[in-house]
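*Asks:* sequence below, structure please.
(one chain, ligands or ions: 2)
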Amino acid sequence: MTEPVIIAVPKGRILEEALPLLAQVGVVPEPAFADESSRALRFKTNRSDIDIIRVRAFDVATFVAHGAAQLGIVGSDVIGEFGYSELYAPVDLGIGHCRLSVAEPADMAAKDDPRGWSHVRIATKYPGLTQAHFEARGVQAECVKLNGAMELAPILGLAPRIVDLVSSGRTLKENGLVEVEVIEQVTSRLIVNRAGFKTRTDKVVPLVDAFRRTVAEAAA
Ligand SMILES: Nc1ncnc2c1ncn2[C@@H]1O[C@H](COP(=O)(O)OP(=O)(O)OP(=O)(O)O)[C@@H](O)[C@H]1O
Ligand SMILES: O=P(O)(O)OC[C@H]1O[C@H](OP(=O)(O)OP(=O)(O)O)[C@H](O)[C@@H]1O
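*Replies:* Numbering: from 1, shown residues only. Ligands and ions are numbered 1, 2, ... in the order given. Here you go, the predicted model:
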């Protein structure tokens, strides 16, 4: 029997929106998948030819880029940050809407003009996207890499500005920060390993088509 196709899905907030989408595509994981207390990482689905793995958001891209999983669901922020050439992102799933922005303390923003920046020190989980954004703007960016809680950096003197994801703006507000520049809009994408797209065409192409159809129907 051929090995099942593996779909990598992130734990956390995207999972909630991805599960109904997967169900519409006809892939329903075993109950333990949605149980955050389960320690299992690989799950069977209603389809004997498809398994699902649950990994950290950034690791979805790595598993798929290396061909350890054939498909994945991941934010465009993560795709952009890695820039893996092995990844093909054929479908915008229209979930996980947020934006990647530059933020700074409200009192600093009151006197600041982003057009005058020549050098910035930034705390972020996204040094790649941050460097690329500022380089294109002719600004030198010095990044301090964090994996979360970026909002603490300006308050504690680690870096005066941050680059982080913003949705409602509540996290910034509760930490005394304001958004001063939007770098890019983010949504989650279906990603495919380019080689797997060719070698497992029989399984991967119908799945990509099913995701595409489901998203188009939801938008109609
Ligand atoms: N506030 C938000 N609103 C909507 N989508 C978001 C928001 N924050 C993050 N996302 C999307 O969800 C993805 C995963 O974010 P999440 O915050 O769940 O991961 P994380 O907790 O940082 O991951 P990990 O714990 O694995 O490092 C992001 O890459 C982004 O595409
Ligand atoms: O504008 P808001 O609606 O407040 O959302 C923004 C927050 O959401 C994300 O973090 P998340 O809650 O996923 O936790 P994390 O810090 O563990 O990544 C992001 O890193 C912000 O902190």
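*Asks:* give me the below-cutoff pLDDT ranges for the chain.
*Replies:* 1 (pLDDT under 70).
*Asks:* so what touches the longest strand along it?
*Replies:* When the chain is parsed with DSSP state E, its longest strand is strand 177-186. Contacts with strand 177-186, where a contact means CB atoms under 8 Å, 6 or more residues apart in numbering, come from 75-77, 80, 96-106, 109, 112, 114, 129-130, 133, 151, 154, 161-163, 165-166, 169, 172. C-beta: built from backbone N, CA, C; applies to glycine.
*Asks:* out of these, which end up buried?
*Replies:* By neighbour count, with 16 or more other CB atoms under 10 Å, the contacts of strand 177-186 hold 75-77, 80, 96, 98-105, 109, 112, 129-130, 133, 151, 154, 161-163, 165-166, 172 as buried.
*Asks:* out of the residues you listed, which are inside helices?
*Replies:* If you go by DSSP state H, the buried ones among the contacts of strand 177-186 have Ser76, Asp77, Gly80, Ala109, Leu129, Thr130, His133, Pro154, Leu172 in helices.
*Asks:* distance to Val25 for the residues you listed - can I get that in a markdown table?
*Replies:* Converted to a markdown table, these look like this (distance: CB to CB, whole Å):
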| residue | distance to Val25 |
| --- | --- |
| Ser76 | 20 |
| Asp77 | 23 |
| Gly80 | 24 |
| Ala109 | 43 |
| Leu129 | 29 |
| Thr130 | 34 |
| His133 | 34 |
| Pro154 | 42 |
| Leu172 | 34 |
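*Asks:* out of those, which comes closest to ligand 1?
*Replies:* Asp77 (4.8 Å; CB to the nearest ligand atom).
*Asks:* any idea how far the closest residue to that closest one other than its chain neighbours lies from ligand 1?
*Replies:* In this structure, Asp77 finds its nearest non-sequential neighbour in Val186, 4.7 Å apart by CB to CB, 6 or more residues apart in numbering. Applying CB to the nearest ligand atom, to the nearest Å, the value for Val186 to ligand 1 is 5 Å.
*Asks:* do the same with Val192
*Replies:* 18 Å.
*Asks:* beta partners of that residue?
*Replies:* Assessed by DSSP bridges, Val192 has beta-bridge partners Leu71, Tyr88.
*Asks:* repeat for Glu179
*Replies:* Bridge pairing for Glu179 - DSSP bridges - gives Ala103.
*Asks:* hang on, the earlier thing: and the contacts of strand 177-186 near ligand 2, which?
*Replies:* Filtering the contacts of strand 177-186 for proximity to ligand 2 (criterion: CB under 6 Å from any ligand atom) leaves Leu165, Val166, Gly169.
*Asks:* can you tell me the closest non-neighbouring residue to the first one?
*Replies:* Read that as Leu165. That would be Cys98: by CB to CB, 6+ apart, it lies 4.7 Å from Leu165.
*Asks:* give me the most central residue, this protein.
*Replies:* Centroid-nearest residue in the chain: Gly75, 2.3 Å away (criterion: CA atoms, centre = their mean).
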